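A.B. asks: Make a model of this:
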Amino acid sequence: MNGELLKNFSPKKFLFVSWESLSGDLAWQIKKEGHEVKAYIKRTDDKDVYDGFLDKIDDWEKYINWADVIVFDDTGFGKEADSLRQKGKLVVGGSVYTDKLEEDRELGQTEMKKVGMVVSPSWNFSNFDEAVKFIKENPGQYAWKPSGSIPSDLKGLLFLGKDEDGRDLIEVLENNKNIWSKKIKNFQLQKLVQGVEVG
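C.D. replies: The predicted model follows:
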């Protein structure tokens, strides 16, 4: 059976498109299996990741017609992915809808509730002082999470409060509000619950 599959094996051309070289290990494995792979990495600090392993390119759009399969490994490429799918390209990655789910925490919570998932109570803010006031008036443990489009240097930023009255989160927000408010326009406080986070 395996011999028959290998006899019909036809190598494909894979184009990996990444902000931060997130899927180089997958691209390398696909290359080792006999496929052609080209990788585009936008972030300057990550451009040397996988040097010597993958063929790097500076303009992924020039290779759309070259590729049999295009892999977008992060959010923010939904519009391009949807457009390429409509043109008949094989695309692995998100969509405009999944980008919205990832970036808009309120939408994500609403969609999870629609399908019967239990979600932690949450409150949305666009002002750091209002969030601090909320915590002072409603002491407790909260998770602070940015919402909306986040600059890459702040991606993954969140804070899980440990103090039962929220003092540690208040301190973090007050100490960072002048810097963060320039880059983070919306954020969410979620009631902290114990357990395994699922994203």
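A.B. asks: immediately after the helix or strand containing residue 82, which helix or strand?
C.D. replies: In this structure, residue 82 sits in helix 78-86 according to DSSP states H and E. As assigned by DSSP H and E, the chain's next helix or strand after helix 78-86 is strand 90-92.
A.B. asks: and that next one, what does it pack onto?
C.D. replies: With contacts taken as 3 or more CB pairs under 8 Å, 6 or more residues apart in numbering; DSSP states H and E, strand 90-92 sits against strand 69-72, helix 78-86. No exception for glycine: its C-beta is placed from N, CA and C like everyone else's.
A.B. asks: Beta-bridge partners for the closest residue to residue 67 other than its chain neighbours, please?
C.D. replies: Residue nearest to residue 67 in three dimensions, not counting chain neighbours: residue 15, with 3.7 Å by CB to CB, 6 or more residues apart in numbering. Beta-bridge pairing for residue 15 (DSSP bridges): residue 38, residue 70.
A.B. asks: Residue 15: neighbouring residues, count only.
C.D. replies: 24 (other CB atoms under 10 Å).
A.B. asks: what do you get for residue 144?
C.D. replies: Residue 144: 24 neighbours (other CB under 10 Å).
A.B. asks: Now do residue 146, the pLDDT please.
C.D. replies: Residue 146 is assigned 88 on the pLDDT scale.
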